[in-house]
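Q: Whatever this is, show me its structure:
(2 chains)
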Amino acid sequence: LAKTTQPISMDSYEGQEVNITCSHNNIATNDYITWYQQFPSQGPRFIIQGYKTKVTNEVASLFIPADRKSSTLSLPRVSLSDTAVYYCLVGDLNSGGYQKVTFGTGTKLQVIP
Amino acid sequence: ETGVTQTPRHLVMGMTNKKSLKCEQHLGHNAMYWYKQSAKKPLELMFVYNFKEQTENNSVPSRFSPECPNSSHLFLHLHTLQPEDSALYLCASRPTSVGYTDTQYFGPGTRLTVL
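A: Numbers count the residues shown, from 1 in each chain, chains lettered A, B, ... in the order given. Got it, this is the predicted structure:
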């Protein structure tokens, strides 16, 4: 399993764009990159997933450079409700019908009024 | 609301008690997971079931006993737990068909306190 490294915490003011970068130097050819969001005392929630280049949905954008050794989650114009822990995961979607992934420590984002 | 439910939401038990946590999903998923999340620690994968068969046991102590009677239900039977087992226990399910966007759908968790 590719190991991921993220900053432990980040602070941002409301209305700003937040970029959280994740390093995954040992990413394998079949690995996808997935980001989850977790609020206190709740289960993680899927945000976005990608393999290469850029992916955008209604919540966030995911930027993946050509070498795929890192990825950046971009949250546009954050609000107080975006305060949460954000996890970057790397795993093979085709690994024997199920996927074992490892959640790291994540990045605790604190949005400040 | 993810479609994965867990009961009970809160549980307080003594070290000699026996209790069970229940997870249920009707999303048609065939993979189900148990995770443990202790305070200020990452999520720890405990067990994985794939098509009702246990495919992963992440060196979990035998005082935790999982059961998957069908693809929609997952149980975690608890007995003679220790105070350090107090944590948030999360269940997740995941589709296993080809061509999906890989996503684990998490339940709200059971907050377990062992006295």
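Q: Smallest gap between chain A and chain B, at which residue?
A: When scored by CB to the nearest CB, chain A has A:G43 as its residue closest to chain B, at 2.7 Å. Every C-beta, even on glycine, is put in place using the N, C-alpha and C of the backbone.
Q: need the contact list for that residue.
A: B:T2, B:V4, B:L90, B:C91, B:A92, B:F106, B:G107, B:P108, B:G109 (CB atoms under 8 Å, 6 or more residues apart in numbering or on different chains).
Q: can you list the residues that contact the helix or strand where the fifth one lies?
A: Read that as B:A92. Counting by DSSP states H and E, the element that carries B:A92 is strand B:87-94. The contact list for strand B:87-94, computed with CB under 8 Å, 6+ apart, reads A:41, A:43-44, A:98-99, B:4, B:6, B:21, B:23, B:25, B:27, B:29, B:31-39, B:43, B:74, B:76, B:102-107, B:109-112.
Q: chain center to it, what's the gap?
A: Its chain's C-alpha centre and that of strand B:87-94 lie 4 Å apart, by CA atoms, centre = their mean, to the nearest Å.
Q: I'd like the next helix or strand past that strand.
A: Using DSSP H and E, the next helix or strand after strand B:87-94 towards the C-terminus is strand B:105-106.
Q: Tell me if the lowest-mean-pLDDT helix or strand in chain B is near chain A.
A: The least trusted helix or strand in chain B, going by mean pLDDT, DSSP states H and E, turns out to be strand B:53-57, with a mean of 85. Yes. Against chain A, strand B:53-57 shows contacts by CB under 8 Å from any CB of the partner chain at B:T55, B:E56.
Q: Pull out the buried positions in that strand.
A: Residues of strand B:53-57 classed as buried by neighbour count (16 or more other CB atoms under 10 Å in any protein chain shown): B:E56.
Q: that older thread, filter the contacts of A:G43 to the buried ones?
A: The neighbour count (16+ other CB under 10 Å) marks B:T2, B:V4, B:L90, B:C91, B:A92, B:F106, B:G107, B:P108, B:G109 as buried among the contacts of A:G43.
Q: Next, format the residues you listed as JSON lines and append pLDDT.
A: Listed next are the buried ones among the contacts of A:G43 as JSON lines, based on pLDDT from 0 to 100:
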{"residue": "B:T2", "pLDDT": "76"}
{"residue": "B:V4", "pLDDT": "95"}
{"residue": "B:L90", "pLDDT": "96"}
{"residue": "B:C91", "pLDDT": "96"}
{"residue": "B:A92", "pLDDT": "93"}
{"residue": "B:F106", "pLDDT": "94"}
{"residue": "B:G107", "pLDDT": "95"}
{"residue": "B:P108", "pLDDT": "94"}
{"residue": "B:G109", "pLDDT": "95"}
